[in-house]
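Asks: got a predicted structure plus its sequence, pasted below:
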Amino acid sequence: DSGVTQTPKHLITATGQRVTLRCSPRSGDLSVYWYQQSLDQGLQFLIQYYNGEERAKGNILERFSAQQFPDLHSELNLSSLELGDSALYFCASGRGGRAEAFFGQGTRLTVV
Amino acid sequence: AQSVTQLDSQVPVFEEAPVELRCNYSSSVSVYLFWYVQYPNQGLQLLLKYLSGSTLVKGINGFEAEFNKSQTSFHLRKPSVHISDTAEYFCAVTLKAAGNKLTFGGGTRVLVKP
């Protein structure tokens, strides 16, 4: 158990819909990272938050957004969903610097 | 920008045989290097990391990796694999100034056969 909790584990939704994925980081970790894992793109960094502020952006679509709340949990919002958004979405947390990131179990999103 | 190449997408290996997974990276600045393992329907678990110091790094479950700066490689090895090592393995880098923002390779699927 990495200490990073993601909910829900599975999500099935229709095209055009909006979903919210939730992540609770490890106790004491200020950084939260979101990654997308798909068969064609592999593991890609989406976005990082540090103590409530956006710190870095990767290959995140404009239809996607995230935020980190004062209690440090984070949510990834995916809207106007397309079939190609079907993927495993991972959240990771860390303390930055030389420390490694710890990954949650992921949320498997299926868009039908 | 940095990039990571895992040279083998699949590696079949017999139980108790050695295995080497190859990873090359490119970056114009100093990086930290990691190997993660993903078991079926699981998240990513850190096997080992190279931050600085000795170029031979030992990790969990009997894995080790060697950092070679001149060849920009970070190959992962295990002298004797078990059935339970069947998984996908990811090499990743992060810039020293970028915290934990990881760039991953494409992954190597290891299938251990009895």
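Replies: Yes, it's here. These figures come from a predicted structure and were not determined experimentally.

Asks: next up, the contacts around the residue positioned nearest the centre of chain A.
Replies: Per CA atoms, centre = their mean, the C-alpha nearest to the average position across chain A is that of A:W34, at 3.3 Å. Taking CB atoms under 8 Å, 6 or more residues apart in numbering or on different chains as the definition of contact, the neighbours of A:W34 are A:23, A:45-48, A:60, A:66, A:74, A:76, A:89-91. Backbone N, C-alpha and C define where each C-beta goes, glycine included.

Asks: tell me what it is bridged to.
Replies: Here A:W34 shows beta-bridge partners A:I47, A:C91, assigned using DSSP bridges.

Asks: which residue ranges of chain B form strands?
Replies: Remark: strands assigned in chain B by DSSP state E are B:3-6, B:10-14, B:19-21, B:23-26, B:31-38, B:44-50, B:56-58, B:64-68, B:73-78, B:87-95, B:103-104, B:108-113.

Asks: which of these sits closest to A:E100?
Replies: strand B:44-50 (5.1 Å; CB to CB).

Asks: for the most centrally placed residue in chain B, give me its contacts.
Replies: Among the residues of chain B, the smallest C-alpha distance to the mean C-alpha position (CA atoms, centre = their mean) belongs to B:W35, namely 3.4 Å. Under the criterion of CB under 8 Å, 6+ apart, the contact list for B:W35 reads B:21, B:23, B:46-49, B:59, B:63, B:65, B:74, B:76, B:89-92.

Asks: so what's it closest to, chain neighbours aside?
Replies: If the residues on either side of it in the chain are set aside, B:W35 comes closest to B:L47, at 4.4 Å by CB to CB, 6 or more residues apart in numbering or on different chains.

Asks: that concludes my questions; thank you for your assistance.
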